[in-house]
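Visitor: give me a model of this one.
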Amino acid sequence: MRFGAAVLRSPEGRYAVEEVILAHGPADDEVLVRIAGCGVCRTDLAVRRSAGRSPLPAVLGHEGAGVVVETGPHTGLNTGDHVVLTFDSCGHCRNCQAAAPAYCDSFASLNLFGGRKEAPARFTDAAGIELAPRWFGQSSFAEYALVAARNTVRVDPSLPIELLGPLGCGFLTGAGSVLNSFGVGPGDTIAVFGTGAVGLSAVMAAAACGAVIVAVDRHVERLALAERFGAIPLHASSGDLPGRIQQLTDGGAQYALDTTASAPLINDALRALRPTGHLGLVARLHTALPLEPGALDRGRRISHICEGDAVPGLLIPRLIGLWRAGRFPFDELIRTYPLADINEAERDFDAGRVVKPVLVPEGRT
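Guide: Modelled structure (predicted):
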């Protein structure tokens, strides 16, 4: 099968939409999906910054959504089903069986180009050069994606399928941190550091729970968005940031979510917590994290949160339900681009001009 896909050949290079070749169709537990839209995520950008650690050339993209066009015999899905694609997991390790697929024993090998052992590399370009496959089980910067049925979530076909892809990663991570990892409830207090797609989805989820929210960022436009979604905006350069948050949350936030990976802001977040408060980190740290004396006093704790501690088949329908009720307006964060304009979308995203770009293959706009 031949179709168009955005191929990245070097960390410093541009994407090029090329013809790629898929060697074979779905295996027993796989489906072939025609992509309707795919979000651009910070993790896609990170491949450029990990030269030598990420195999290139590759087809990236891991926030895809689309329509099933072919299925293996053991998928439980049918041709014509609308699906959101999410991260891959093995389904049989201890964590997967404990409803924690984000902590699958094989998460790295399944999602970071390793692929499934029973389904080795299958993409090539038109010249026959092998392309790294199955980025997060998808490689969905493309017209089609071949995925395991396990990392699909069937959705109502009346929904705008081209907009739903980010529910499989970025929006799932922010909202899941609030709903699953913290279990935020009415009257709880939470400080969200960084108001990109993950942070703003956390703000929206916390507002849907009836929480008191403080949003911290250095971009006034993003703070205005956070305020519109129900947060108290606070500029990151404010003096005595922990003290300001403690005042705004009547003695300190019970929860804090950091999406910035900034060591100074992480220490501010810890100091802003009330006793026994919980700070969750979702961004990957690339250097040692120095903690200031006293930052973890009085029962405060810190943990890393992966994929919002989500079971995607449960959380994605919940988020869609909140959206339908007008309580999780994720579509207001999205700007669509043709797949051919992927380089423009990446530049706009990296520069902060758009919260969540979504790439739409030709013929779907």
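Visitor: pull up the distance across stretch 168-183, start to finish.
Guide: End-to-end span of stretch 168-183 (Cα to Cα, to the nearest Å): 20 Å.
Visitor: repeat for stretch 269-277
Guide: This stretch, stretch 269-277, spans 10 Å end to end (Cα to Cα).
Visitor: and residue 3, how far is that from residue 344?
Guide: For residue 3, the distance to residue 344 equals 22 Å [Cβ to Cβ, to the nearest Å]. Placement of C-beta: from N, CA and C, glycine included.
Visitor: no no, residue 125
Guide: 23 Å.
Visitor: which one's more surrounded, the two?
Guide: residue 125 (18 against 13; other Cβ atoms under 10 Å).
Visitor: for the more buried one, give me its contacts.
Guide: 7, 18, 19, 20, 21, 57, 131 (Cβ atoms under 8 Å, 6 or more residues apart in numbering).
Visitor: so residue 293: helix, strand or coil?
Guide: coil (DSSP: H, G, I helix; E, B strand; the rest coil).
Visitor: how distant is stretch 128-139 from the center of its chain?
Guide: Relative to the centre of its chain, stretch 128-139 is centred 19 Å away, using Cα atoms, centre = their mean, to the nearest Å.
Visitor: residues making contact with that stretch?
Guide: 5, 7, 20-21, 43-44, 54-62, 64, 85-88, 110-113, 115-116, 119-125, 145-148, 151, 169.
Visitor: how about low-confidence regions in the stretch 1-150 of the chain?
Guide: Along the stretch 1-150 of the chain, segments meeting pLDDT under 70 span 51-54, 113-121.
Visitor: stretch 150-168: end-to-end distance?
Guide: 13 Å.
Visitor: contacts for stretch 313-333 next, please.
Guide: 84, 86, 153, 155-156, 159-160, 163-164, 166-168, 171-172, 175-176, 179-180, 197, 200-201, 204-205, 207-208, 225, 229, 308, 355-356.
Visitor: mind doing that once more with 6 Å?
Guide: 84, 153, 163, 167, 171-172, 175-176, 200, 204, 208, 355-356 (Cβ atoms under 6 Å, 6 or more residues apart in numbering).
Visitor: could you dump it to PDB, C-alpha only?
Guide: The C-alpha trace of stretch 313-333 is given here as PDB (Å, rounded to 0.1, in the frame of the first residue of the first chain):
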ATOM      1  CA  GLY A 313     -10.800   3.600  26.900                       C
ATOM      2  CA  LEU A 314     -12.300   5.000  30.100                       C
ATOM      3  CA  LEU A 315     -10.900   8.600  30.200                       C
ATOM      4  CA  ILE A 316     -11.400   9.500  26.500                       C
ATOM      5  CA  PRO A 317     -15.200   8.900  26.600                       C
ATOM      6  CA  ARG A 318     -15.400  10.800  29.900                       C
ATOM      7  CA  LEU A 319     -13.600  13.800  28.400                       C
ATOM      8  CA  ILE A 320     -15.900  13.700  25.300                       C
ATOM      9  CA  GLY A 321     -18.900  13.700  27.700                       C
ATOM     10  CA  LEU A 322     -17.600  16.700  29.500                       C
ATOM     11  CA  TRP A 323     -17.000  18.400  26.100                       C
ATOM     12  CA  ARG A 324     -20.600  17.700  25.000                       C
ATOM     13  CA  ALA A 325     -21.700  19.200  28.300                       C
ATOM     14  CA  GLY A 326     -19.700  22.400  27.600                       C
ATOM     15  CA  ARG A 327     -17.300  21.700  30.500                       C
ATOM     16  CA  PHE A 328     -14.200  20.700  28.600                       C
ATOM     17  CA  PRO A 329     -13.900  23.000  25.500                       C
ATOM     18  CA  PHE A 330     -10.700  21.400  24.200                       C
ATOM     19  CA  ASP A 331     -11.600  22.400  20.600                       C
ATOM     20  CA  GLU A 332     -11.000  26.100  21.500                       C
ATOM     21  CA  LEU A 333      -7.300  25.200  21.800                       C
END
